[in-house]
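Novice: Dropping a prediction and its sequence here:
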Amino acid sequence: MQFPIDIIFADKKGKVLKLAPDVRPFKLVAAPLRSFYAIELPTGAIERSGTRVGDHLELDESYDMDMLEDELEKVA
């Protein structure tokens with residue numbers, strides 16, 4: 001990583017367990033034991049969204065495999 005990011009740690013049900021705003025490159029952040037998701041966002045996204053520990057996120061894990069393969073081919 002070459003730039004700072006925000007990270008939201010959430011459990012399997014989408015409950016926010018920990019917020020890590022403005023994480024600098026090469027800095028380690030310990031994830032809570034029950035974490036299932038680590039959502040990486042642009043710096044400032046946590047503050048702008050007003051996300052707080054205890055909030056519940058609605059996560060959609062579905063994706064289009066054809067679209068994913070096309071995106072991967074672009075970067076390869």
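Specialist: Everything's here; your move.

Novice: Can you list the buried residues in stretch 21-31?
Specialist: For stretch 21-31, a neighbour-count test (16 or more other Cβ atoms under 10 Å) marks Pro21, Val23 as buried. Every residue, glycine included, has its C-beta placed from N, CA and C.

Novice: Could you pull up the mean pLDDT of that stretch?
Specialist: Here stretch 21-31 scores 96 as its mean pLDDT.

Novice: so how far is it from its chain's centroid?
Specialist: Relative to the centre of its chain, stretch 21-31 is centred 12 Å away, using Cα atoms, centre = their mean, to the nearest Å.

Novice: For it, which outside residues touch it?
Specialist: Residues from elsewhere that reach stretch 21-31 (Cβ atoms under 8 Å, 6 or more residues apart in numbering): 1-7, 9, 18, 20, 38, 43-44, 46-47.

Novice: the strands in this structure, which residues?
Specialist: Per DSSP state E, the chain carries strands over the ranges 5-10, 16-23, 37-42.

Novice: Burial-wise, tell me which of the ones you listed comes out on top.
Specialist: strand 5-10 (a mean of 21; mean count of other Cβ atoms under 10 Å).

Novice: what's the closest of the contacts of stretch 21-31 to Val53?
Specialist: Lys18 (6.6 Å; Cβ to Cβ).

Novice: Provide the partner residues of that closest one in its beta bridges.
Specialist: Note on Lys18: beta-bridge partners Phe9, judged by DSSP bridges.
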